[in-house]
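A.B. asks: No letters, just coordinates:
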């Protein structure tokens, strides 16, 4: 992998790359404008949820609760005088009481979006901002603890959820407990990324799940023939080994959940985790105190989830199981007593395995979906359960946070409904007597700080980073992921030295993950930045950019994670991007990633290509337009927005021996199409490599475009043969004042 700090940093100009790599044909007037397209105002739904759903402080305990009637319908009109909050059985004085309504727009009566035309080019995904998020859901697949049969059902359920139930304002992650922290697990609203993660949900043969929900009963002729105590002891030893193995995998599952909850803790509002698992046992045969290893992990996880405002829902994908004899059982050599004992063991093991799932849900106010073959219906119940909740607070006694015999006490809380009728209440059932202020974090080393930022499902924002990753293919080097990491220099603490140079020391770490969660490429190093004082202001305005190239040996879904830490301020920033690398060898029509840059319209009308400008050292963006580079893509109205890309595997016309292609430009905002250009014929001119064509163009950004985020989409249609082929690519950009 090649890595380089932009050479222009030394002369304090912003790095500008790429259009020399993708030459642009000279544009032909008249220019395409967006003047006549009046953009729609941004539609941002109001968030009415409290930023801190759960609070446990010395002067306030605040929790959330869901109340339903006997039919499961939500109750939304309770008054404070109709409820009684209890802590350890004692009534508490309620200080705040409100109902938070998160009912989705679809549930409020708006019609669902029309089905997309399968023959039309796919729409680019709308980028969702934090203030637009209505539901944050982590769908955790315990591939360490599901059987071969369940893996298929889970994958099918996830696919249908994304197709039919996921909404545009949902932020979702699909995480596998056995895939490591490198799995495709960042939270996203991009269904392409979620589909890629779903494809990797498979049975893990090294986990604790077998082929089916339970192993078939097999007779043991050794025990039947001898009945010896030695054989009995050997069998017991094998059972103990299997139990230990299950316990280790169960703790691994809980550790993965712990990781997810810690990431969710940083987001505001009430979040949810849906765990697909065949469960784990809290109690073993003859152990009345339970499995200490698992119970300790569960207690730590549920307390962390409660303090992070995370509700855990559990779903057993085994569904309703026949716990009697099956065709797979071999009991011909067994006595009736032995058969009854084996069936009893099977039933007990099945029911015991669900105890861990029940514990997680009950302790965090969620639901357990079990003994039900309709997994998609279970997901609907879970989604419906998140439409609203009560937020209730009370003043705790001083003794709540007192230690008893040197130990922290667990306090049980419950809500009693005084209104006439029968109601069900689900809420967090307690907390340990430690205030949020008292939960002190262990001081992290510099290595831990940057690693946590890199591994978190969410980006750290101490240093503002912007990551752009693009797919490209060349005849010599094959496929590669080209990445631009732009750093906001204002977040770096530069200190002036006696030599007149302003210096800063930064750590950089970058990991490229494959779809199996394995690292395919990485680099890390410490760098000292030195800048003359008179040039510091320009650097602060422009920032600087790293250019990274990762070779990709096989097609698939990848993600790049980067983190940067400033030594002086200890601020950390991170960024992550998903990219799908197609298989060029399959001869499908494909497009590379889009490079975009803004230039003054006068420069573009002169017909001067960017490559010439850059070769002459005249980087326009370094002074007048510092953020219009391919790495940042912040443009002003009236500018010309140039774009470049490559076209792979275009078919050749039998008559002319040249490709016969048409290109089209579309612009979107908030998922709505604002502009659609005409289809224009593509002229390859004198290019030699007809398997890898370079293309580009430009449009003028109209003055009517309001500030905000937009998406540029390029559509290429191959009409060399009777059946047209279509390929598309898109890239986001921003209009600024």
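C.D. replies: Yep, that arrived. What you see is a predicted model, and the numbers here were worked out from it, not measured in a lab.

A.B. asks: Assumed residue 299 was part of a strand.
C.D. replies: No - going by DSSP: H, G, I helix; E, B strand; the rest coil, the assignment for residue 299 is helix, not a strand.

A.B. asks: Please report the distance of it from residue 293.
C.D. replies: Note on residue 299: its distance to residue 293, by C-beta to C-beta, to the nearest Å, is 11 Å. C-beta coordinates here come from the backbone N, C-alpha and C atoms, glycine included.

A.B. asks: Next, the residue nearest to residue 319 when sequence neighbours are not counted: secondary structure please.
C.D. replies: Closest residue to residue 319 in three dimensions, ignoring its sequence neighbours and counting by C-beta to C-beta, 6 or more residues apart in numbering: residue 373, at 3.9 Å. Assigned by three-state DSSP, the conformation of residue 373 is coil.

A.B. asks: So, low pLDDT: which residues of the stretch 551-700 of the chain?
C.D. replies: Low-confidence segments of the stretch 551-700 of the chain, defined by pLDDT under 70: 607-626.

A.B. asks: mind listing the strands for it?
C.D. replies: Assigned by DSSP state E, counting those that start in this stretch, the strands in the stretch 551-700 of the chain fall at 556-566, 572-581, 590-591, 595-599, 634-635, 640-648, 661-669, 672-676, 680-681, 692-700.

A.B. asks: which helices and strands sit right next to the last one?
C.D. replies: Spelled out, that is strand 692-700. Using 3 or more C-beta pairs under 8 Å, 6 or more residues apart in numbering; DSSP states H and E as the contact definition, the elements that strand 692-700 packs against are helix 601-605, strand 640-648, strand 661-669.

A.B. asks: Flag every buried residue along the first one.
C.D. replies: Looking back up the chat, that one is helix 601-605. For helix 601-605, burial by neighbour count (16 or more other C-beta atoms under 10 Å) applies to 601, 603-604.

A.B. asks: got the strands of the stretch 551-700 of the chain as TSV, with distance to residue 366 and mean neighbour count columns?
C.D. replies: Putting the strands of the stretch 551-700 of the chain into TSV (distance: least, C-beta to C-beta, whole Å; neighbours: other C-beta atoms under 10 Å) gives the following:
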stretch	distance to residue 366	mean neighbour count
strand 556-566	29	23
strand 572-581	27	22
strand 590-591	43	20
strand 595-599	44	26
strand 634-635	42	20
strand 640-648	46	23
strand 661-669	36	21
strand 672-676	35	15
strand 680-681	54	12
strand 692-700	49	21
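
A.B. asks: can you map out the helices along the stretch 351-500 of the chain?
C.D. replies: Assigned helices in the stretch 351-500 of the chain, in chain order: 355-364, 375-385, 446-455 (criterion: DSSP state H, counting those that start in this stretch).

A.B. asks: Only the buried residues of the longest one, if you could.
C.D. replies: By 16+ other C-beta under 10 Å, the buried positions in helix 375-385 come out as 375, 378-379, 382-383, 385.

A.B. asks: Export these as a markdown table, with columns for pLDDT and distance to residue 58.
C.D. replies: As requested, those are exported to a markdown table (pLDDT from 0 to 100; distance: C-beta to C-beta, whole Å):
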| residue | pLDDT | distance to residue 58 |
| --- | --- | --- |
| 375 | 90 | 43 |
| 378 | 92 | 39 |
| 379 | 92 | 39 |
| 382 | 91 | 34 |
| 383 | 89 | 36 |
| 385 | 87 | 31 |
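
A.B. asks: now, which of those sits nearest residue 708?
C.D. replies: Proximity to residue 708 was ranked across these by C-beta to C-beta; first place goes to residue 383, at 29.3 Å.

A.B. asks: what sits against the closest one?
C.D. replies: 135, 165 (C-beta atoms under 8 Å, 6 or more residues apart in numbering).

A.B. asks: same deal with the one 3 residues further on?
C.D. replies: If a contact means C-beta under 8 Å, 6+ apart, then residue 386 has 102, 135, 270, 272, 311 as its contacts.
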